[in-house]
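A.B. asks: how would this look folded up:
(one chain, ligands or ions: 1)
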Amino acid sequence: MRGGGDAPRHKRGRNRPHHNVIHIEKLNKDYRAAGRTVSALRDINLQIPQGKIFGIIGRSGAGKSTLLRTLNLLERPTSGAVRIAGEDITRLGKAELDRLRQHIGMVFQNFNLLHAKTVGANIEFPLRLAGGYSREQRDRRVDELLDLVGLRAHKDKYPAQLSGGQKQRVGIARAIAHAPRLLLCDEATSALDPETTQSILALLADINARLGITIVLITHEMHVIRSICDHVAVIEGGEIVESGPVAEVFLHPRHAATRSLVAETTHDDFDPAAIRGGGGTLLRLTYTGDAVHQPILTRVALQSRASIAILQGSVSRIKDTPYGQLLVEIGGNEQETAQALDLFRELKVQCEVMN
Ligand SMILES: Nc1ncnc2c1ncn2[C@@H]1O[C@H](COP(=O)(O)OP(=O)(O)OP(=O)(O)O)[C@@H](O)[C@H]1O
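C.D. replies: Predicted structure coming up:
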């Protein structure tokens, strides 16, 4: 495991020091049902940095919802601590907990809107609950939020008159109405079609970048992680099996659970045995950053005199990080092949020999 994966990576235009907003320590959660105990979370340790988008991914039943819901104590852990800005929230009294929850927004898979209230009234609801806003302030804030989520024209409609994507925009506006420090997203795009999913993910990324709100999301889809998350933790059987910066985990998955999730999005059906090459060395090349913009294959081929055939490949992006992943066959004598490998490594291309 890559530890909490908290290498400082500053965002565009924001050079704040890097504080961990949430420390999860030795967290366990057992459910008792029908005389049986289910260990939903086992010894979870995680650090979630402030101002980032942190994704938790896992299969159905892995413990994602349980873990997310311990962050605002909708689910009380059996043991362990959840420290937010240094304070263990499991020790708070009811009044303190209510106050804390007003600073944690939550977005749900099924939107959870109030059907008898208009869009505007749904968004206004948490402001009324929190108190301390005049009518005028509430009106102004609701209009501001409607603009932010692109629903100004829909203020007086009812949820039933909206599409799924529009309902989720209302859900997001409501969740951030009282300017939370933390936004929890529970499979926020799982009920939406792919195009709408992308627009909702873009909205969440925009909110994170513009308002600096820390976002923790759970999903079973790697593409959600890849599109907007900075960090990812992979959960399986109630345990975190791997975590770190998304590009690192995505490009170099170490645990079988991660590899299988990654393979689903990259359509990585490559089977070295099925490729009838020219008898050369099969190499998987992985590279990010500057290397993506360089003619690395030409350079290596010219200098080593080895031939390079591309068998499979893609150049894409993980959030803001471009990356390339190629499967190539190197033809040439032993010395040429060894030199090609050295040259790739000099160019900071990770090489994995497949045969
Ligand atoms: N209230 C409950 N009572 C008993 N067992 C529960 C309860 N809630 C969850 N569990 C069990 O805890 C484990 C983790 O569930 P959880 O809902 O956190 O997983 P998940 O990864 O969010 O799955 P899904 O994506 O299907 O919601 C599962 O085995 C589940 O059956």
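
A.B. asks: which is the next helix or strand following the longest helix along the chain?
C.D. replies: The residue-count maximum for a helix in the chain (DSSP state H) belongs to helix 194-211. Next helix or strand after helix 194-211 toward the C-terminus (DSSP states H and E): strand 214-219.

A.B. asks: identify the residues contacting that next one?
C.D. replies: Applying C-beta atoms under 8 Å, 6 or more residues apart in numbering, the contact partners of strand 214-219 are 21-22, 48-58, 64-65, 67-68, 71, 181-190, 204, 207-208, 224-225, 229. Heads up, the C-betas are built off the backbone N, CA and C, glycines and all.

A.B. asks: measure how the longest helix of the chain sits relative to strand 214-219, angle-wise.
C.D. replies: 160 degrees (axes from the mean of the first three to the mean of the last three C-alpha atoms, to 10 degrees).

A.B. asks: go through helix 194-211 and flag the buried ones.
C.D. replies: Across helix 194-211, burial judged by 16 or more other C-beta atoms under 10 Å covers Thr196, Thr197, Gln198, Ile200, Leu201, Leu203, Leu204, Ala205, Ile207, Asn208, Ala209.

A.B. asks: what of stretch 58-76?
C.D. replies: 58, 62-73, 75.

A.B. asks: relative to the helix or strand that Ile24 is a member of, what are the paired strands and their orientations?
C.D. replies: If you go by DSSP H and E, Ile24 is part of strand 20-33. Partner strands and pairing direction for strand 20-33 (DSSP bridges) are strand 36-49 (antiparallel), strand 79-84 (antiparallel).

A.B. asks: which stretches of the stretch 51-200 of the chain form helices?
C.D. replies: Per DSSP state H, counting those that start in this stretch, the stretch 51-200 of the chain carries helices over the ranges 64-70, 94-101, 119-130, 135-149, 164-176, 194-211.

A.B. asks: OK, contacts around Phe250?
C.D. replies: Applying C-beta under 8 Å, 6+ apart, the residues contacting Phe250 are Met222, Ile225, Arg226, Val232, Val262, Ile318.

A.B. asks: what's the pLDDT at it?
C.D. replies: On the pLDDT scale, Phe250 is placed at 90.

A.B. asks: any idea how many residues pack against the residue lying closest to Arg138 once chain neighbours are set aside?
C.D. replies: In this structure, Arg138 finds its nearest non-sequential neighbour in Leu127, 4.8 Å apart by C-beta to C-beta, 6 or more residues apart in numbering. Residue neighbour count, defined by other C-beta atoms under 10 Å, stands at 19 for Leu127.

A.B. asks: residues contacting Leu127?
C.D. replies: Contacts of Leu127 (C-beta under 8 Å, 6+ apart): Tyr133, Gln137, Arg138, Arg141, Val142, Ala177, His178.

A.B. asks: correct me if wrong: the fourth one contacts Ala173.
C.D. replies: No - between Arg141 and Ala173 there is no contact under C-beta atoms under 8 Å: 9.8 Å.

A.B. asks: quick check: nearest residue in space to Ser316, chain neighbours excluded?
C.D. replies: Spatial nearest neighbour of Ser316, chain neighbours left out: Tyr323 (6.5 Å); criterion: C-beta to C-beta, 6+ apart.

A.B. asks: does that neighbour count as helix, strand or coil?
C.D. replies: strand (DSSP: H, G, I helix; E, B strand; the rest coil).

A.B. asks: how about the helices in the stretch 251-355 of the chain?
C.D. replies: 256-266, 296-304, 334-346.

A.B. asks: could you tell me how many residues sit around the residue nearest to Asp186 when sequence neighbours are not counted?
C.D. replies: Using C-beta to C-beta, 6+ apart and skipping residues adjacent in sequence, the residue nearest Asp186 is Phe108, 5.3 Å away. Phe108 sits with 16 neighbouring residues when counted by other C-beta under 10 Å.

A.B. asks: please list all residues in contact with Phe108.
C.D. replies: By C-beta under 8 Å, 6+ apart, Phe108 lies in contact with Gly171, Asp186, Glu187, Ala188.
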